[in-house]
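Colleague: The sequence isn't on hand, but the structure is:
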C-alpha cells in the first residue's frame, strides 16, 4: 500500500530553440537560509544561497568541509533534521512548486521519485539487512505501484544498466557481499530506478579508487544523457568538476562566492577564494617547490567575520570589504561576490 | 646497493591467514604484501601508491614492525629490524615514526596535547637538554614562566612547546584537548608527535588524504620544510597522485601486494610503462575543462588479494594482456636507469600510451 500523495508538479519540457538553459529552470533555490540553534548561538550553515539548474544540466557545487554545500543539497529533500536545524528563509522551487512548503507525505512522493540522492559512503546508506534487490524494488512498489514481478524485472534491468555483472544473481545479495565500486553502482540503480528528474550526488566518488571513480563518473554521465535528468554534483574535487559539470557554484562559509560556466571559472576565476583553491592544488604536470596556500583556516560558523566572510584570509582585502559584496555578474553568466572581481590579477 | 640507503626492504611478505569453521582452520591466506623490495636514500622521499587493497598500508606498518612480517628483511640504518629485541628495538622505535591519515582517530581524546606530546619524551628517557635545532628566535614567544624550572617534567614541557612551534601551532595549545582543534591543526599535532623523539624516518600513511585542499597544501609544505631542516626520510603512502608528484623523489606503484613499477617521480609521470600505472594516471580527472579525459579504460574491480590471478596479477584487467601473462610471475625489469617495471609487453604499452 502506498500512503504517498503524488504532488502536482508542472512539467516544463519544452526545449529552448537557442539551446540555452530553459526559461523555467528545473530547480531554483532562492535565498535559502538554514540555521542551527545551538547552545553557543545560531550557526548559519547556509546563509542566503541561490542556485538554478536547467533540465539536463549538471551543476557542480564545490567548497571545503563545513562550507554548507551538503546542507544546501540535503535541504532540497528536507533531509536536514528539524530541530536542531530550521529553515530560516528562502524557497526551493522544483517544477513550479516550493519544496520547502511541502508536508512529509508530499515529500515522500518527491524523494526517490522526482528527486533522488546518492551519497559518499554506499555502505552506510544501504540497509545492511535487506538484499540489494528488495531495496531497489521498494522504490518501484512505493512510487509506481508496480507488481512484485514487474518491480523485480525492472530492478534487474536497472542493475544491468549500471554495469553489475549477472544482475539476477546480485539481486539477492546483501550489501556486504559487494565491493565498494559495486555498492556504489547498486546505490545508483536504487536512485535512478524511478527515472528522477534531478539527481543529487553528494561526493559520489570520494570514497572510491581513481580507476573506479572514472568508471562511475562515466556511468553517471551515460545515464544522465539517456534519462535526460539534471545532476547536482557536490564535490571538493576540482578535477571531477572540470570533467563533468557545465556550471559550477563555489561555496565559502555558507554563501556562494562564485557561480560560473565551468570554462570561465577554470580559465579566469574571479573570486580570491576560488583562485586560492586552484593554486593549492598540487599539479600533475609541473614540479613545484612550495605550494601556495590560503592562510589561516575557515572561520567558525558561529562567528563569521562581518562583511565579506573571506576577508580575514584574503590578500586583496581592504576596508570596503567590511561591506558585504553582492553576488553580481562580472562576465556573461559569470557571477562573483567580491568588490575586486573586475580587477582580478 | 648504492651509497647511503637508510632503509632497504628485501622480499617483504605479509600473509594473513583466513580461518573458517567452528574449530577454526586456516583455509587460505590474504596475500596483503607479497614479496616487495625497495630502498630509500637518506633524506629522500619514496611514495608508495596504489588503490585500496594493494597492500601499501600493510607494507608501511610491517616495515615499522607494528605488524609482524611473514617473511623478508628490512635493514634500517645498518640494523636488521626484524631481529631486534628489547632495548635495541625500543631505540629503533624512536628513530622510525608514523603519521596517520585520521588525526582525530589517532589522538587520545582525554589527554591534553601537551601530555600526549610529553609522554614519549618521558617514556623513552630522551636527553632533553638537546634542542630540535630551532633557533632561539623561534622560542622567543615561550613565556619565561613556562621555561624549565626544575628537572625532567619541566624540561619536557619546554620541549613540547618547542615542538608545537615547530609545526606551526602556538605553545599555549599544549593545554587543550584534540576536539578543540580543526582537522588541519590535528594533523599538525600528529606531525609534532611523530617528531617528538627526533626520528630519522617517518612513514606518512595517507597523511593528507582527509584534509581539504587548502589545508592539504599547508601540511605538504610543512612536511617538506621539516624534511629539509632535519634531513628526514619519508615513506609516503598515498593514493592521490597529485600529492605524490609534489612530495616524492621516487614512486613505487603497488597492485595486489606487488610492486609493478618503480621510477623517479618525473619519469613515472611522464613515461609510465606498466599498463596499470598508465591506467591509474589516466584515470585522474584533470582540473582543466579544456583537457578532455583520455582514459585508458580498465574494467571491473581489483581481484581479491586472497585469490590473486596467476602470473601477472593485473592480467585479468589489462587491455593488452596475452596468454603468456598468465603463466609465471613476472619480476621487475630495468626499463631505464632507475626505472623498473613488471610487464612483458612494455614496447606495446609505451607506444599505446603515446598515441592516446
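Modeller: Yep, that arrived. Values in this document were obtained by computation on a predicted structure and should not be read as measured data. Numbering: from 1, shown residues only, chains lettered A, B, ... in the order given.

Colleague: in the lowest-mean-pLDDT helix or strand in chain A, what's buried?
Modeller: Sorted by mean pLDDT, DSSP states H and E, the helices and strands of chain A end with helix A:122-125, the least confident at a mean of 76. Using 16 or more other CB atoms under 10 Å in any protein chain shown as the test for burial, helix A:122-125 gives A:122, A:125. No exception for glycine: its C-beta is placed from N, CA and C like everyone else's.

Colleague: how near is residue B:326 to chain A?
Modeller: With distances taken as CB to the nearest CB, to the nearest Å, residue B:326 is found 21 Å from chain A.

Colleague: The closest residue to that residue other than its chain neighbours - how many residues pack around it?
Modeller: Leaving aside its chain neighbours, residue B:326 sits nearest to residue B:311 (4.2 Å; criterion: CB to CB, 6 or more residues apart in numbering or on different chains). Residue B:311: 18 surrounding residues under other CB atoms under 10 Å in any protein chain shown.

Colleague: The least confident helix or strand of chain A packs against which elements?
Modeller: helix A:180-192 (3 or more CB pairs under 8 Å, 6 or more residues apart in numbering or on different chains; DSSP states H and E).

Colleague: Which strands or helices does the helix or strand following the helix it packs on pack on?
Modeller: Beyond helix A:180-192 on the C-terminal side, the first helix or strand identified by DSSP states H and E is strand A:198-202. Judged by 3+ CB pairs under 8 Å, 6+ apart, strand A:198-202 is in contact with helix A:69-76, strand A:115-118, helix A:210-227, strand A:230-235.

Colleague: Please repeat the previous calculation with a cut-off of 6 Å.
Modeller: Secondary-structure packing of strand A:198-202 (3 or more CB pairs under 6 Å, 6 or more residues apart in numbering or on different chains; DSSP states H and E): helix A:69-76, strand A:115-118, strand A:230-235.

Colleague: Report pLDDT for residue 110.
Modeller: Using chain A. Listed pLDDT for residue A:110 reads 88.

Colleague: Chain B was what I was after
Modeller: For residue B:110, the model assigns a pLDDT of 90.

Colleague: now the one 5 residues further on
Modeller: Predicted confidence (pLDDT) at residue B:115: the value is 90.

Colleague: buried residues in the host helix or strand of it?
Modeller: For residue B:115, the host element (DSSP H and E) is helix B:113-123. Under the neighbour-count criterion of 16+ other CB under 10 Å, helix B:113-123 has B:113, B:114, B:115, B:116, B:117, B:118, B:119, B:120, B:121 buried.

Colleague: What residues does the stretch 51-200 of chain A have near chain B?
Modeller: Contacts of the stretch 51-200 of chain A with chain B, taken as CB under 6 Å from any CB of the partner chain, map to A:64, A:65, A:179, A:181.

Colleague: pretty sure residue B:47 is in a strand, no?
Modeller: Yes - Residue B:47 forms part of a strand when assessed by DSSP: H, G, I helix; E, B strand; the rest coil.

Colleague: Would you confirm that it contacts residue B:244?
Modeller: Yes - with contact defined as CB atoms under 6 Å, residue B:47 reaches residue B:244; the gap is 4.3 Å.

Colleague: how distant is the helix holding residue B:115 from the center of its chain?
Modeller: 23 Å (CA atoms, centre = their mean, to the nearest Å).

Colleague: and what of stretch A:266-276?
Modeller: Counting by CA atoms, centre = their mean, stretch A:266-276 comes out at 20 Å from the chain centroid.

Colleague: With stretch A:240-259 instead?
Modeller: For stretch A:240-259 - counting by CA atoms, centre = their mean - the centre lies 10 Å from the chain centre.

Colleague: Kindly report the residues of chain B close to chain A.
Modeller: Residues of chain B lying near chain A by CB under 6 Å from any CB: B:51-52, B:182, B:184, B:212-214, B:217-218, B:220-221, B:242-243, B:245-246, B:279, B:283-289, B:293, B:295, B:298, B:301.

Colleague: okay, now the spatially closest residue to residue B:321 that is not a sequence neighbour: neighbour count?
Modeller: Spatially, and ignoring its direct neighbours in sequence, residue B:321 is nearest to residue B:315 (4.1 Å; CB to CB, 6+ apart). Other residues lying near residue B:315 total 20 when counted by other CB under 10 Å.

Colleague: Then residue A:100?
Modeller: For residue A:100, the count of nearby residues is 18 (other CB under 10 Å).

Colleague: related to what we said a few turns ago, Throw the buried residues of helix B:113-123 into a markdown table and include distance to residue A:269, thanks.
Modeller: Below are the buried residues of helix B:113-123 laid out as a markdown table (distance: CB to CB, whole Å):
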| residue | distance to residue A:269 |
| --- | --- |
| B:113 | 37 |
| B:114 | 41 |
| B:115 | 44 |
| B:116 | 40 |
| B:117 | 39 |
| B:118 | 45 |
| B:119 | 45 |
| B:120 | 44 |
| B:121 | 46 |
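
Colleague: Return the member of these nearest to chain A.
Modeller: residue B:113 (16.8 Å; CB to the nearest CB).

Colleague: Who are the contact partners of the closest one?
Modeller: B:173, B:174, B:176, B:189 (CB atoms under 6 Å, 6 or more residues apart in numbering or on different chains).

Colleague: Which of those residues fall in helices?
Modeller: Of the contacts of residue B:113, the ones assigned to helices by DSSP state H are residue B:189.

Colleague: phi, psi of residue A:54?
Modeller: phi -80, psi 160 (degrees, to the nearest 10).

Colleague: Okay, it and residue A:279: tell me how far apart.
Modeller: 31 Å (CB to CB, to the nearest Å).

Colleague: neighbour-wise, which of the two wins?
Modeller: Legend: neighbour count by other CB under 10 Å for residue A:54 and residue A:279, higher for residue A:54 (21 against 17).
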